[in-house]
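*Asks:* got a predicted structure here, sequence first:
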Number of protein chains: 6
Amino acid sequence: MPYVNIRLGGTLTREQKRKIAEEITDTLERIAHKPKSYTYIAFDELPHEQWAIGGKLLDDDE
Amino acid sequence: MPYVNIRLGGTLTREQKRKIAEEITDTLERIAHKPKSYTYIAFDELPHEQWAIGGKLLDDDE
Amino acid sequence: MPYVNIRLGGTLTREQKRKIAEEITDTLERIAHKPKSYTYIAFDELPHEQWAIGGKLLDDDE
Amino acid sequence: MPYVNIRLGGTLTREQKRKIAEEITDTLERIAHKPKSYTYIAFDELPHEQWAIGGKLLDDDE
Amino acid sequence: MPYVNIRLGGTLTREQKRKIAEEITDTLERIAHKPKSYTYIAFDELPHEQWAIGGKLLDDDE
Amino acid sequence: MPYVNIRLGGTLTREQKRKIAEEITDTLERIAHKPKSYTYIAFDELPHEQWAIGGKLLDDDE
């Protein structure tokens, strides 16, 4: 641990995921003193049709 | 918040997801007094091969 | 399945959880045709200090 | 990875959690070829009031 | 319940998932006394690009 | 969305959670272009007895 799960609608590029993983792992090391090698991050990129906010699917807003 | 995660085997149509999101968001507003705009819902539609009940994959029952 | 996880800040009364569970299970039966006995619901009631929205802990707004 | 999350109603003794963690980690090594040191397991022991099956809270059956 | 979520990078064969589900369900019956029919297991097989360990995506190691 | 779930063994101070939430929300805005107000973060601070790595509970190492 820590285990971090990032769930969002749509997709990220590999470069975005790489940078986000790097920064969050760094944040947890600096602030929570968790060694970098312990941090697992899993990204779930969900289609807009699988997310709802305020009772509406994300792609009904599109 | 609230964040609601609905995980099931198989798929739902967009219309089913739309209606479920609408009703659950309404339920949380009426009963838990959570403003509609705060409720996030994420649907995970897993292939039957990725779910097991009673130690058997769902599609071993098919 | 389905497995539904409801995560929110603060607590619900037993009566609120009972009513929410009843309604969501009913919604999944009517709309997604999932037999009631199959639906599992887990409530996670997190202290406000464990939720952040917009980069601020919920109880920093209080 | 793997990351395994076990969620159940009620509590387990430390000895039960120890044994379950041992066996599941072993299962994932033997069958999925995941080195033991990679497997993270998190147990969530929820009060019966926070679980519903078939639309009823677990402790309404008690 | 219990609800068990197994998340890993890469894929498993159907046979691996079948065997893992069988063993974990058996473990929870023997050690935690949970009837087999109550145990739900959901497998999430994530592409290597969606997992990071130590701040690096899994497929940056490949 | 995004919804971020940070799960770790042990506890964080309120100040640590505040700082982590701030940084992660900022990371997701800068890199993934998610407006700050959309990001939900939930922290799960688990007792060491509820986490296992390599088949051993964390507090068996203590």
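*Replies:* Received it, and whenever you're ready, just let me know what you need.
*Asks:* helices and strands around the helix or strand harbouring residue A:18, which ones?
*Replies:* Mapping residue A:18 onto the secondary structure by DSSP states H and E places it in helix A:14-32. Contacts of helix A:14-32 with other secondary structure elements, assessed using 3 or more C-beta pairs under 8 Å, 6 or more residues apart in numbering or on different chains; DSSP states H and E, are made with strand A:3-9, strand A:40-46, strand E:51-53, strand E:56-57, helix F:14-32. Using the backbone N, CA and C atoms, a C-beta is placed for each residue, glycine as well.
*Asks:* which residue sits closest to residue A:10, ignoring its sequence neighbours?
*Replies:* Once flanking residues are discounted, residue A:10 sits nearest to residue A:48: 6.2 Å by C-beta to C-beta, 6 or more residues apart in numbering or on different chains.
*Asks:* list the contacts of the one you found.
*Replies:* A:9, A:10, A:57, A:58, A:59, A:62 (C-beta atoms under 8 Å, 6 or more residues apart in numbering or on different chains).
*Asks:* just name the closest of the residues you listed to residue D:15, please.
*Replies:* Using C-beta to C-beta, residue A:9 comes nearest to residue D:15 of those, at 42.6 Å.
*Asks:* I'd say that closest one and residue A:46 touch.
*Replies:* Yes: Residue A:9 is within contact range of residue A:46, at 5.5 Å (criterion: C-beta atoms under 8 Å).
*Asks:* give me the more crowded residue out of the two.
*Replies:* Set side by side, residue A:9 and residue A:46 show unequal neighbour counts under other C-beta atoms under 10 Å in any protein chain shown, the larger going to residue A:9 at 24 against 19.
*Asks:* could you check how far the more buried one is from chain C?
*Replies:* For residue A:9, the distance to chain C (C-beta to the nearest C-beta, to the nearest Å) stands at 17 Å.
*Asks:* include mean pLDDT when you put the helices and strands packed on helix A:14-32 into JSON lines, please.
*Replies:* Rendered in JSON lines, the data for those read as follows (pLDDT from 0 to 100):
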{"stretch": "strand A:3-9", "mean pLDDT": "97"}
{"stretch": "strand A:40-46", "mean pLDDT": "98"}
{"stretch": "strand E:51-53", "mean pLDDT": "97"}
{"stretch": "strand E:56-57", "mean pLDDT": "96"}
{"stretch": "helix F:14-32", "mean pLDDT": "98"}
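*Asks:* which stretch among these comes nearest residue E:33?
*Replies:* strand A:3-9 (27.3 Å).
*Asks:* neighbouring strands of that closest one in the sheet, and parallel or not?
*Replies:* In its sheet, strand A:3-9 lies beside strand A:40-46 (parallel), strand F:3-9 (antiparallel), with partners assigned from DSSP bridges.
*Asks:* rebuild the ones you listed as a markdown table, extending it with distance to residue D:32.
*Replies:* Rendered in a markdown table, the data for the strands paired with strand A:3-9 read as follows (distance: least, C-beta to C-beta, whole Å):
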| stretch | distance to residue D:32 |
| --- | --- |
| strand A:40-46 | 16 |
| strand F:3-9 | 21 |
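*Asks:* thank you, goodbye.
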